[in-house]
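K.L.:
What follows is a predicted structure for the sequence shown.
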Amino acid sequence: MVSGGLAIVLLLLAVVLIIVLTGKLKVNAFLVLVGVAFAYGLAIGLPALEVVKGIKNGFGGTLTNIGIVIVAGTIMGTILEKTGAALAMTQAILKLVGKKRAPLAMNIAGYVVSIPVFCDSGYVILNPLNKALAKESGTSMTVMAVALATGLYATHTMVPPTPGPIAAAGALGADLGKVILLGMIAAIPAALAGLLWATKVARKYVIEADTHESYSDIVKKFGKLPGAFLSFLPIVLPIVLILLKSVAEFPSKPFGEAGLQQALSFIGDPVTALLLGVLVSLLLVKKGSLGEAVDGWMSQGIKDAAIILVITAAGGSFGQIIKGSPIVDFIKDNMAGLQLGMLLPFIISAALKTAQGSSTVAIVTTASIMAPMLATLGLDPALTVIAIGAGSMVVSHANDSYFWVVSQFSNMPVTTAYKAYSSATAVEGIVAFAAVFVMSFFM
């Protein structure tokens with residue numbers, strides 16, 4: 001087998017290869033990650049049969065840990081979208097903060113909606129409302145677009161059950177309840193930084209909302225929306241249950257060691273909690289549409305989850321091969337003293353994100369790289385997940401599908417999108433990392 005130093009050089013070359021193939025040549029990330037895992041394993045001198053075994057074990061082990069959770073979260077997000085619950089949540093937030101603070105309302109709405117719904121989908125869902133509020137309040141569409149986009153982005157990259165943070169938590173062995181709590185905390189200043197950037201910088205670029213629909217017209221067109229309580233419940237219930245499980249398993253055992261503690265550990269397991277969230281989300285379905293929801297909507301959610309599952313599992317394969325390399329011992333002997341701390345996963349994730357565009361691929365790949373190094377570097381697994389998520393926001397530009405969703409649906413010229421939106425994602429990611437850095441002093 002090669003030396004530790006050469007293994008790191010080969011890993012850097014592997015990362016460059018991932019970036020070129022997924023970013024420039026647009027090869028499917030699943031094929032790239034599995035192919036690079038094979039190539040890297042053979043290049044460092046692992047026996048061919050060990051490479052195959054590692055790839056299979058990494059793939060299967062990843063799906064065992066988070067497969068059902070990703071599918072359940074995606075199904076729940078689809079139901080929230082189809083039933084109008086996402087719009088109902090936004091309406092409730094608007095009532096709370098008022099239409100005069102429309103950018104703040106959409107920023108908060110994005111923060112909430114993107115916990116179970118992909119940021120791309122969340123933006124498309126909320127865009128008509130965003131345009132209507134821009135027109136009604138006389139606010140530039142650039143301000144509204146950046147406010148909404150950064151609110152969505154914050155929780156998309158750092159708060160489960162979004163697949164990226166779940167995959168990272170699984171790869172790093174982090175407690176999911178802890179990741180949710182810390183992710184939600186870090187996402188608040190990150191989202192607000194995006195809002196501040198929207199109101200102070202993006203306002204320089206005036207774009208009129210091209211809509212003839214008012215806020216009232218949109219609500220009427222959708223029909224009767226679900227109630228706010230029922231709309232929020234599928235999101236809140238799993239999060240609360242997962243957090244209770246984490247508390248129940250504290251070393252101090254606040255709920256005892258049997259009975260209630262075991263019950264909370266059962267219902268708070270991410271698989272159980274997310275499946276309960278799916279069942280609760282069915283309460284949002286109108287009478288007569290249950291058959292369509294169970295057959296059509298759930299099937300769509302499963303299809304949407306499939307590509308995330310295979311990419312995530314392929315990242316697990318790559319991570320398993322890295323674990324079998326001499327990198328861990330090399331870092332222990334030579335690099336641990338550099339004391340980069342949380343900056344290391346942040347930098348790797350930010351570099352991958354900026355180079356190849358996909359936040360999910362950046363998160364999965366960085367988690368795979370960091371997993372074998374975590375104990376050696378003495379990093380907290382949950383905080384590392386959040387640091388990786390923070391890095392995966394820096395920077396959204398032309399190689400990112402979300403960049404085009406935000407710019408095209410808001411009628412922003414590309415040059416304006418770079419100045420107003422891409423710059424905002426850089427600020428947002430840095431602020432999120434600053435929050436992680438502060439939290440690391442208390443962990």
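P.N.:
Arrived safely, thanks for sending.

K.L.:
Distance of the spatially most central residue of the chain relative to residue 94?
P.N.:
In the chain, the C-alpha nearest the mean C-alpha coordinate belongs to residue 157, at 2.9 Å (C-alpha atoms, centre = their mean). Separation of residue 157 from residue 94 (C-beta to C-beta, to the nearest Å) stands at 25 Å. Glycine gets a C-beta too; all of them are placed from N, C-alpha and C.

K.L.:
quick one: what helix or strand has the residue nearest to the centre of the chain in it?
P.N.:
helix 141-158 (DSSP states H and E).

K.L.:
so after that helix, what's the next helix or strand?
P.N.:
helix 163-172.

K.L.:
which ones are touching residue 269?
P.N.:
Applying C-beta atoms under 8 Å, 6 or more residues apart in numbering to residue 269 gives the contacts residue 245.

K.L.:
Per-residue pLDDT of it, please?
P.N.:
As predicted, residue 269 sits at a pLDDT of 88.

K.L.:
Could you do residue 337 as well?
P.N.:
pLDDT, read off for residue 337, is 57.

K.L.:
Just the buried positions in stretch 306-325, please.
P.N.:
Buried positions in stretch 306-325, judged by neighbour count with 16 or more other C-beta atoms under 10 Å: 308-325.

K.L.:
And residue 344, how far from residue 88?
P.N.:
Taking C-beta to C-beta, one finds residue 344 at 42 Å from residue 88.

K.L.:
Also residue 243?
P.N.:
Distance of residue 243 to residue 88, computed by C-beta to C-beta: 24 Å.

K.L.:
Now the closest residue to residue 422 other than its chain neighbours: phi and psi?
P.N.:
The shortest distance from residue 422 to any non-neighbouring residue, by C-beta to C-beta, 6 or more residues apart in numbering, is to residue 397 (4.8 Å). Reported as degrees, to the nearest 10, the phi and psi values for residue 397 are phi -140, psi -150.

K.L.:
Look up the pLDDT of residue 397 for me, please.
P.N.:
For residue 397, the model assigns a pLDDT of 84.

K.L.:
Give me the contacts around the helix or strand where residue 15 lies.
P.N.:
Residue 15 belongs to helix 4-19 when assigned by DSSP H and E. Under the criterion C-beta under 8 Å, 6+ apart, residues 2, 32-33, 36, 39-40, 43-44, 322, 325-327, 329-331, 333-334, 352, 355-356, 361, 365, 369 lie in contact with helix 4-19.

K.L.:
Among the residues you listed, which are located in helices?
P.N.:
Using DSSP state H to define helices, the subset of these located there is 32-33, 36, 39-40, 43, 322, 327, 329-330, 352, 355-356, 361, 365, 369.

K.L.:
Out of those, which end up buried?
P.N.:
By 16+ other C-beta under 10 Å, the ones in helices among the contacts of helix 4-19 give 32-33, 36, 39-40, 43, 322, 327, 330, 352, 355-356, 361, 365, 369 as buried.

K.L.:
where does the chain dip in pLDDT?
P.N.:
For the chain, applying pLDDT under 70 flags the ranges 211-213, 215, 221-222, 328, 331-338.

K.L.:
Check the spacing between residue 253 and residue 259 real quick.
P.N.:
Taking C-beta to C-beta, one finds residue 253 at 12 Å from residue 259.

K.L.:
And those two? Which one has more around it.
P.N.:
Taking neighbours as other C-beta atoms under 10 Å, residue 253 and residue 259 compare with residue 253 leading, 12 against 9.

K.L.:
Tell me which of the buried residues of stretch 306-325 fall in helices.
P.N.:
Short answer: the buried residues of stretch 306-325 in helices (DSSP H) are 308-323.

K.L.:
of these, closest to residue 111?
P.N.:
residue 308 (21.2 Å; C-beta to C-beta).

K.L.:
Skipping its backbone neighbours, what lies nearest that closest one in space?
P.N.:
Closest to residue 308 by C-beta to C-beta, 6+ apart is residue 163, at 4.4 Å.

K.L.:
Residue 400 too?
P.N.:
For residue 400, the closest residue by C-beta to C-beta, 6+ apart turns out to be residue 357, at 4.2 Å.

K.L.:
How about residue 233?
P.N.:
In space, residue 233 is closest to residue 280, 5.4 Å off (C-beta to C-beta, 6+ apart).

K.L.:
hmm, back to that, of all the ones in helices among the contacts of helix 4-19, which comes closest to residue 127?
P.N.:
Nearest member of the ones in helices among the contacts of helix 4-19 to residue 127, counting by C-beta to C-beta, is residue 361, at 24.8 Å.

K.L.:
Please consider this matter closed, and thank you.
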